[in-house]
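Engineer: Just a sequence and a predicted model for now, questions to come.
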Amino acid sequence: MDSPITLTGAVTKMEWTNPHARFYADVKDANGTVVNWEFELGSPNGLMRKGWTRNSLKPGDGITIEGYSAKDGSHLVNARTVTLADGKKVFAGTEENNQK
């Protein structure tokens, strides 16, 4: 919660699994190097209640993710919101995180 981050990239993979769904996206760093990041979401059941499906993100989709980066500095983010290319914003985390 102390390390908010916003990243923009292209989806490479989606994993619709319990206990937390996750997806991966290629993001360019400040030097232009492409880095594959991992984004943890809420549970598939919770995501479905927020309008997600296993096909909400497809490889190649352009997205912007807001969340919190891992304490260890790895390329892992606990996603809070995902903004799709059409501008639609979908909530990705737990109810507590989305109400702050």
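Structural biologist: Structure received. The model shown is predicted, which means the values in this text are computed figures rather than measured ones.

Engineer: alpha carbons only for contacts and neighbour counts from here, please
Structural biologist: Noted.

Engineer: which residues in the protein form helices?
Structural biologist: Secondary structure of the chain (DSSP state H): helices at 44-49, 95-98.

Engineer: tell me, which of those is the model least confident about?
Structural biologist: Lowest mean pLDDT of the helices of the chain: helix 95-98, a mean of 44.

Engineer: can you map out the strands along this structure?
Structural biologist: 4-15, 22-28, 34-40, 62-69, 76-84, 89-91 (DSSP state E).

Engineer: And the ones you listed, which one averages the lowest pLDDT?
Structural biologist: If these are sorted by mean pLDDT, strand 89-91 sits at the bottom with a mean of 84.

Engineer: Any buried residues in it, and which?
Structural biologist: Buried residues in strand 89-91, counted by 16 or more other Cα atoms under 10 Å: 90-91.

Engineer: strand partners of it, parallel vs antiparallel please.
Structural biologist: Taking DSSP bridges as the criterion, strand 89-91 forms sheet pairs with strand 76-84 (antiparallel).

Engineer: And the contacts of the strand it pairs with?
Structural biologist: 37-41, 61-70, 89-94, 97-98 (Cα atoms under 8 Å, 6 or more residues apart in numbering).

Engineer: Show me which of those residues are buried.
Structural biologist: Buried by 16+ other Cα under 10 Å: 37-41, 62-69, 90-93, out of the contacts of strand 76-84.

Engineer: I'd like to know how many residues surround residue 79.
Structural biologist: Per other Cα atoms under 10 Å, the neighbour tally for residue 79 reads 26.

Engineer: how about the closest residue to it other than its chain neighbours, what does it touch?
Structural biologist: Nearest residue to residue 79, sequence neighbours excluded (Cα to Cα, 6 or more residues apart in numbering): residue 67, at 4.2 Å. Counting by Cα under 8 Å, 6+ apart, residue 67 touches 4-6, 77-81.
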